[in-house]
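> Make a model of this:
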Amino acid sequence: MSKAKLVKTKDTQTREELADLLAALAERVRSGELIFEQAGEQTTVPLPESVEVTVEVKDSSKKGQRRRKLEIEVRWEETPTEDGDDPAEVETEG
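Numbering: from 1, shown residues only. You can find the predicted model right below:
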């Protein structure tokens, strides 16, 4: 099994900016394609009709500070077609 990290971002945002990001992601999920732009490259990831979703909230403390983390993980499996084509090929344009 091979793994490839297609997109990763880390940023500090206001609640309003986070809400805008989540709303944009929701719109892309409804359209069936996730589109990400990073460093001048665009990556398109098609989504199937059904996915597995895990939501997790973690609580930890370090040096007297409470730290919370919200993780939303979306997983799905793809099966190649009979002719060997990948049904959900990721497109990267740069």
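
> Flag the shaky bits of this protein, pLDDT-wise.
Judged by pLDDT under 70, the chain has its weakly predicted residues at 1, 81-94.

> And the residue most central in space within the chain, how far from Arg30?
Centroid-nearest residue in the chain, with Cα atoms, centre = their mean: Val74, separated by 7.0 Å. From Val74 across to Arg30, the span is 13 Å (Cβ to Cβ, to the nearest Å). In this view, the C-beta of every residue, glycine as well, is placed from N, C-alpha and C.

> Repeat that for Pro46.
Counting by Cβ to Cβ, the gap from Pro46 to Arg30 is 13 Å.

> if you count what's nearby, which of these two comes out ahead?
Neighbour tally, Pro46 and Arg30, criterion other Cβ atoms under 10 Å: the higher count belongs to Pro46, 15 against 9.

> That one contacts Gly32, doesn't it?
Yes. When contacts are counted by Cβ atoms under 8 Å, Pro46 is listed as touching Gly32 (6.4 Å).

> for Pro48, phi and psi?
phi -80, psi 170 (degrees, to the nearest 10).

> So which residues of the chain form strands?
33-38, 41-46, 52-62, 65-75, 91-93 (DSSP state E).

> Now distance to Leu21 too, for these, in JSON lines please.
Formatted as JSON lines, the strands of the chain follow (distance: least, Cβ to Cβ, whole Å):
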{"stretch": "strand 33-38", "distance to Leu21": "11"}
{"stretch": "strand 41-46", "distance to Leu21": "16"}
{"stretch": "strand 52-62", "distance to Leu21": "16"}
{"stretch": "strand 65-75", "distance to Leu21": "12"}
{"stretch": "strand 91-93", "distance to Leu21": "21"}
